[in-house]
Each structure stands twice: as C-alpha cells, then as structure tokens.
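Student: Starting from these lines, generate the structure:
(one chain, ligands or ions: 1)
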Amino acid sequence: MTSSNGSLLLVAACALLDADGRVLLSRRPQGKPQAGLWEFPGGKVEPAETPEQAVVRELREELGVEPCERCLQPFAFASQPMSDGRQILMPLYVCRRWDGFPDPKEGQKIAWARPTELDRFDMPAPDVPLAAELRDRLSGARVLD
Ligand SMILES: Nc1nc2c([nH]c(=O)n2[C@@H]2O[C@H](COP(=O)(O)OP(=O)(O)OP(=O)(O)O)[C@@H](O)[C@H]2O)c(=O)[nH]1
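Tutor: Here you go, the predicted structure:
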C-alpha cells in the first residue's frame, strides 16, 4: 500500500452471506499469527491493489470462490492499534453472490454462523465490533442507545 502513514496495515475482508443469512468464518491455521481465531476471509492489500481486488484475490486463494467486484458491498470498517505498534485499518465488505462452493484451500476450518451466533467465536480484536454490527444490522433488530 502506498500511504503517507507507514504505520498503517491495510487489510481487506469480506463476510460471505448465504441464502439463509449465515456468515462464513474462517479459522486461522496453525503457523499463522493469531492461529485458532475465527475471522472473515481476506488479507493484506498488496501494493497497487484496491481493497476490492484484494478481497477477490483472497477469496479465490483461500476458498476457491469468485465474487464479482460489484457484488462486494462496503459494510463497515475497523481501525485499531496492533501489538507491534501499527494500526490495522480493515474495511469489511459483504457479498451475497459468488461463483463456486467455498472450500478451504489453506488448511483452515470454515463455519457458517448465524449473525446472532457470532459472539460465540473467538475473533481478533478488530473483528469483534464488526461482528456486533453484522449481528445488529443483519438480524433486523437495531437497538439504539
Ligand atoms: N484476513 C483477515 N485478517 C484479519 C482479520 N482481523 C484481523 O485482525 N486480521 C489481521 O490482519 C492481518 C493480515 O491478515 P492475513 O495474515 O490473513 O493476511 P495475508 O493472508 O495477506 O498474509 P500472509 O500472506 O502474510 O499470510 C493479520 O495480522 C490478521 O490477524 C480478519 O477478519 N480477516
């Protein structure tokens, strides 16, 4: 990523939603940082890539599915400090249409979770508010403080 702020890590992620409104989660495999945590498919945005291109590439590499870029709907973003001092900036897209059947390609486990079940999964810190937002907005009930 070309950025005026080298301390930013730009990661793009996507919540695949099936016809029943369930969300696909992917469990980080052993050998990767934060192994065992459940996350949204995605990864680091490479230099010269847009976040949308990064999501399309990562979904293909990790799950063998092909979303079209215009099916990626911006949903929310996370911005949080990381333990190494950098700040992770992570746009989350939702996608309801893709080609192919999600098939773990990198030794990871996958799970389909109802939005109301997302808080049962251990997730990286940036994902926790995003999961809550998915639960609130996708289950149709929004409680305003
Ligand atoms: N893919 C993904 N990464 C996340 C999420 N939440 C979160 O904090 N991250 C963090 O974002 C960083 C980049 O993720 P990644 O390791 O999947 O990226 P990548 O596939 O491009 O990396 P690699 O090719 O070096 O393995 C990691 O530090 C990861 O822990 C998430 O929901 N999805």
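Student: can you tell me the helix or strand for Glu62?
Tutor: Assigned by DSSP states H and E, Glu62 belongs to helix 51-63.
Student: And Ala12, by the same measure?
Tutor: Going by DSSP H and E, Ala12 is in strand 8-16.
Student: Measure how that strand sits relative to helix 51-63, angle-wise.
Tutor: 60 degrees (axes from the mean of the first three to the mean of the last three C-alpha atoms, to 10 degrees).
Student: Spell out which parts of this protein neighbour the ligand.
Tutor: Within the chain, the positions lying close to the ligand (C-beta under 6 Å from any ligand atom) are 11, 13, 32-34, 39-40, 42-44, 88, 90, 124, 126-127. Using the backbone N, CA and C atoms, a C-beta is placed for each residue, glycine as well.
Student: Those in strands, which ones?
Tutor: If you go by DSSP state E, these have Val11, Ala13, Glu39, Gly42, Gly43, Lys44, Ile88, Met90 in strands.
Student: Isn't the third one up against Pro124?
Tutor: Spelled out, that is Glu39. Yes: if you go by C-beta atoms under 8 Å, Glu39 and Pro124 touch, sitting 5.8 Å apart.
Student: which residues make contact with the helix or strand of the chain with the lowest mean pLDDT from outside it?
Tutor: Least confident helix or strand of the chain, by mean pLDDT, DSSP states H and E, is strand 66-67 with a mean of 94. By C-beta atoms under 8 Å, 6 or more residues apart in numbering, the list of residues contacting strand 66-67 from outside reads Cys14, Leu16, Val55, Val56, Leu59, Arg60, Cys95, Arg97, Trp98, Asp99, Gly100.
Student: Just the buried residues of the residues of the chain next to the ligand.
Tutor: Val11, Ala13, Glu39, Phe40, Gly42, Gly43, Ile88, Met90, Pro124, Pro126, Asp127 (16 or more other C-beta atoms under 10 Å).
Student: so what's the third one bridging to?
Tutor: Read it as Glu39. Listed by DSSP bridges, the beta-bridge partners for Glu39 are Ser26.
Student: which ones are touching it?
Tutor: Here Glu39 is in contact with Ala13, Leu25, Ser26, Arg27, Arg28, Met123, Pro124, Asp127 (C-beta under 8 Å, 6+ apart).
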